[in-house]
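# I'd like to go over a predicted model; first the sequence, then the structure.
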Amino acid sequence: MQAVFNSISFNLKYYGFWVLYFVTARFLFVSYHTDMTKTLAPSELFLVFGYGLRLDFSIAAYLVIIPFFLVLFRSFLSERTVRLVHKTYSFGLVLLMNILLLIDLFLYSYWNTRLDTTFIRYLNTPDLMFASTSTNDLILFTGLIVGLTFLTCYLISFFFYSGVKKIERTPLWGIPVLMLLIGALLLPMRGGLQTIPINQGNVYFSNTMYANHAAVNYAWNFMHAVTKQVDANEHPFLTYEPEEALGVLESLRQPLLSKDSIINPIFKTKTPNIIFVIWEGFTAKVVGPLGGDIEITPNFNSLSEEGLLFTNFYANGDRTDKGLVALLSGYFPQPKKSIIKMPLKSKKLPLISQSLKGLGYHNSFYYGGDLNFADMNNYLFGKGIDKIFGSEIFERKDWNSKWGAHDHILFDRIATDFNEAPPEKPFFKTILTLTSHEPYEFPGTYRFGDASELNRFKSSMSYTDQALGDFVAFAKTQTWWENTVVIITADHGHPLPPNPLDNFNAPSRFHIPMLWIGGAIEGRGTVNTNLGSQVDLAYTLVDLLGGDNSAFEFGTHLFNSSKEHFVHYVFNQGFGAINESGFMVYDFISKDAVQASGSKQESLKANGKAILQATYQDFLEK
């Protein structure tokens, strides 16, 4: 009898240890994200831990199944064997949980979602995967893994191995009792006796998304993402009949497909040269004329007075791989998939360069980093680009420590290429910058200091602004300037500088600048106030240049004077929808809007779901 009781007690204490471990992990999470935690009321913070316990109990139950069976098998195996396997399993699990804990801790600052399988897409380029973190952060990360693992292993060894003389052999009559205990784990696994098993939505309790995210257990969320991976041919966003969803999208696009008299003319010449600058993480929040900080990008602010500024332009996604397909292919990105990393699909996407090749343009692409990142190479090659330049053309001394060549080096190289081989026919040059990506490393003075992430971010934006300003100044001295249009926009927006009144995925995070300048632009200081997004650029530009834009099936015309323009953007756990009436941010877990403004919120939600369904269906069929 005593042996059975001891075995049950050992198992329950082991289960309790893991529950306590995850409660402690949540404490570390809210402590690390202090700025966001400070916005919670004490009662709300208390509920974070209260609601979060349900997922803590659930994941702990999954983790102790094997150890519970080991204690059961003690009836047939030697104590030494059971203890060795039990201890090895525990130590290995501690290491894995601590690694996932710290990955979740660091990534949440950038992605605003608890740990899922998204980061796994970047494991094939681990050096670039860690490029967003500074050397100090990597040292801290490694040190914390070692320290936390040592401490946790010490505690688990003390309570369950060193402090326990032996794992006792259970008599045969006690086996059903231990089996019953193992079966009882189903209750916390499922989160109770309700019909539907527990999910993230069960711990969502607040109108503040950070509070809901903090209540989610990172290990449970990761396990759920791994085990619930969407089948390659499964559609997770079905709301309407397929024809109905596509019909909604087409009805929204139909009034917006042609240019009319909003601004006329746009270009002074029929086939101007195009220099397309895609600025890493360039947010409207750092641009004075767009209501942002007037001190950060003085060169861009000044250039805005010389050309055509789009004041209501938005990114369709939250990372570079999503921004590139939206800008260059006019293609809506997917929330948890990245088409650019699927060569069989990305090869079927159109590219601006293909359309311009048919108009007699010479096309080139410049990037200071590794073109293998996010499979950019596969996406770009064979699509009308005559020359593609990546990090291989730059000396290592001109790199920052992570991503590649500094932006001023990149612009200097392009200027050198112009001097050495003056263009003989219209050109289309795409330039993708990188210095304003985390960890914001660049040579020279940090104009706003480097004491905080916000200051480093602002300083990096100011640095790239100067590099761009110098390049434009150079371009103005060239003979080709009068026949050139320079388009400056971003690959995606940025959570910094933070707006405490906004949800993390509110439109302010996706609001990006777009400016057209150059000798071939008609007029100075013109403003386009139309709502628009990245997927509209290829459709609009190819049309203005006299090409066939029918390949860009999701775009609308940025120079259409209708008031029916709309914006659709996605992030890992939801989407945003914007029109002239207001906006709505929809969360997949809570299955509802988490922030909204305006009088047509239900219409925005319905249209957003239809666009998501129709565009994801197209993705599946590629």
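Structure received.

# Val277 belongs to a strand, doesn't it?
Yes. Counting by DSSP: H, G, I helix; E, B strand; the rest coil, Val277 is part of a strand.

# would you mind measuring from it to Thr464?
Distance of Val277 to Thr464, computed by CB to CB, to the nearest Å: 10 Å. Where you see a C-beta, it was placed from the backbone N, CA and C, and this is true even at glycine.

# run through the stretch 351-500 of the chain and note the low-pLDDT ranges.
Applying pLDDT under 70 to the stretch 351-500 of the chain picks out residues 401.

# residue contacts, the closest residue to Gly291 other than its chain neighbours?
The spatial neighbour of Gly291 that comes closest, neighbours along the chain excluded (CB to CB, 6 or more residues apart in numbering), is Ala284 at 7.1 Å. Applying CB atoms under 8 Å, 6 or more residues apart in numbering to Ala284 gives the contacts Leu290, Gly291, Gly292, Gly493, Ser508, His511, Ile512, Pro513.

# ok, the second one to Thr484 distance?
Put plainly, it is Gly291. 29 Å.

# and those two? which has more neighbours close in?
Using other CB atoms under 10 Å, the more surrounded residue of Gly291 and Thr484 is Thr484, with 23 against 12.

# hmm, Thr320 is touching Asp491, no?
Yes. In this structure Thr320 lies within contact range of Asp491 using CB atoms under 8 Å: 4.6 Å.

# pull up the overlap in contacts between the two.
With CB under 8 Å, 6+ apart as the test, Thr320 and Asp491 both reach Glu280, Leu432.

# neighbour count for these two, which is higher?
Using other CB under 10 Å as the criterion, Thr320 and Asp491 rank with Asp491 on top: 26 against 22.

# excluding its backbone neighbours, what's nearest the more buried one?
Asp491 sits nearest to Gly323 (CB to CB, 6+ apart), 3.5 Å away.

# from what I can see that neighbour touches Gly493, true?
No. In this structure, Gly323 is not within contact of Gly493 by CB under 8 Å, at 9.3 Å.

# so what's in contact with the two at the same time?
Contacts common to Gly323 and Gly493, judged by CB under 8 Å, 6+ apart, are Ala315.

# hmm, who's touching stretch 397-411?
Against stretch 397-411 from outside (CB under 8 Å, 6+ apart): 128, 130-132, 135, 366-370, 390-391, 394, 413, 431, 433-437, 439, 441-443, 463-464, 466-468, 470-471.

# swap the cut-off to 6 Å and go again
Defining contact as CB atoms under 6 Å, 6 or more residues apart in numbering, one finds that stretch 397-411 is touched by 131, 368-369, 391, 394, 433-435, 437, 441-442, 464, 467, 471.

# take those and write them to a markdown table, including secondary structure.
Formatted as a markdown table, the contacts of stretch 397-411 follow (three-state DSSP):
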| residue | secondary structure |
| --- | --- |
| Ala131 | coil |
| Gly368 | coil |
| Gly369 | strand |
| Ser391 | helix |
| Phe394 | coil |
| Thr433 | coil |
| Leu434 | coil |
| Thr435 | coil |
| His437 | coil |
| Glu441 | coil |
| Phe442 | coil |
| Thr464 | helix |
| Ala467 | helix |
| Phe471 | helix |
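
# counting neighbours, which of the residues you listed comes out on top?
Thr433 (29 neighbours).

# residue contacts, it?
Going by CB under 6 Å, 6+ apart, the list of residues near Thr433 reads Trp279, Glu280, Asp407, Thr464.

# contact partners for the last one?
Taking CB under 6 Å, 6+ apart as the contact definition, Thr464 lies against Asp407, Thr433, Thr435, Ser436.

# check the second one too.
When the contact criterion is CB under 6 Å, 6+ apart, the partners of Glu280 are Thr433, Leu434, Ser436, His437.

# all strands for this protein, in order.
Assigned by DSSP state E, the strands in the chain fall at 273-279, 308-314, 362-367, 387-389, 427-432, 484-490, 514-517, 526-533, 566-571, 574-579, 582-587, 592-597.

# hang on, the earlier thing: what subset of the contacts of Ala284 is buried?
Leu290, Gly292, Gly493, Ser508, His511, Ile512, Pro513 (16 or more other CB atoms under 10 Å).

# domain ranges for this structure, per the record?
2-227, 274-556 (automatic domain parsing).

# so how far is the first one from its chain's centroid?
The one in question is domain 2-227. 25 Å (CA atoms, centre = their mean, to the nearest Å).

# next: the longest one.
Here the centre of domain 274-556 is set off from its chain's centre by 17 Å, with CA atoms, centre = their mean.

# start the count at 41 instead of 1 going forward.
Let's use 41 as the start, then, which means that last one is domain 314-596.

# quick one: terminal-to-terminal distance for that domain?
Terminal residues of domain 314-596 lie 20 Å apart, using CA to CA, to the nearest Å.

# check the first one too.
Across domain 42-267, the straight-line distance between its terminal residues is 39 Å, by CA to CA.

# kindly report the same for stretch 528-535.
By CA to CA, one end of stretch 528-535 lies 20 Å from the other end.

# which residues touch it?
Applying CB under 6 Å, 6+ apart, the contact partners of stretch 528-535 are 317-319, 321-323, 355, 358-360, 363, 549-550, 552, 554-555.

# phi, psi for the closest residue to Asn252 other than its chain neighbours please.
Excluding the flanking residues, the one nearest Asn252 by CB to CB, 6+ apart is Tyr244, at 4.3 Å. Dihedral pair for Tyr244: phi -80, psi 120, per degrees, to the nearest 10.

# ok, Tyr244 touching His253?
No. Under the criterion of CB atoms under 6 Å, Tyr244 makes no contact with His253, lying 9.0 Å away.

# so if I had to pick from the two, which one is more boxed in?
Shown here are Tyr244 and His253; by other CB under 10 Å, His253 has more neighbours (25 against 21).

# from Gly533, how far off is the more buried one?
19 Å.

# ok, and the helix or strand in the protein with the lowest average confidence?
The helix or strand of the chain with the poorest confidence is helix 166-169; it has a mean of 59 (mean pLDDT, DSSP states H and E).

# surely Asp426 touches Asn403?
Yes. If you go by CB under 6 Å, Asp426 and Asn403 touch, sitting 5.3 Å apart.

# between the two, which is the more surrounded one?
More crowded of Asp426 and Asn403, by other CB under 10 Å: Asn403, with 23 against 13.

# tell me what the more buried one is bridged to.
Residues in a beta bridge with Asn403, per DSSP bridges, are Phe468.

# would you agree it is in contact with Phe468?
Yes. Shown here, Asn403 and Phe468 form a contact pair, counting by CB under 6 Å, at 4.8 Å.

# can you get me a residue count around Asn619?
Around Asn619 there are 20 residues (other CB under 10 Å).

# may I have the predicted confidence score for it?
For Asn619, the pLDDT comes out at 96.

# which ones are touching it?
Taking CB under 6 Å, 6+ apart, one finds Phe606 in contact with Asn619.

# from Val256, how far off is it?
From Asn619 to Val256 the distance is 31 Å (CB to CB).

# from Asn339, how far out is Val327?
Distance of Val327 to Asn339, given as CB to CB: 11 Å.

# who's more crowded, these two?
Val327 (25 against 18).

# so what does the biggest helix by length in the chain touch, helix or strand wise?
Longest helix in the chain by number of residues (criterion: DSSP state H): helix 119-151. If contacts are counted by 3 or more CB pairs under 6 Å, 6 or more residues apart in numbering; DSSP states H and E, helix 119-151 sits against helix 105-113, helix 175-197, helix 258-267.

# can you tell me the average pLDDT over it?
pLDDT averaged over helix 119-151 gives 91.

# just stretch 62-80 next, same as before
94.

# now it: buried residues?
Neighbour-count burial for stretch 62-80 flags Phe62, Ala65, Arg66, Phe69, Val70, His73, Met76, Thr77, Leu80 (criterion: 16+ other CB under 10 Å).

# any figure for the gap between the residue lying closest to the second one once chain neighbours are set aside and Glu432?
Going back to what we said before, that points to Ala65. Ranked by CB to CB, 6+ apart and with sequence neighbours excluded, the top spatial neighbour of Ala65 is Leu141, at 5.3 Å. Distance of Leu141 to Glu432, given as CB to CB: 37 Å.
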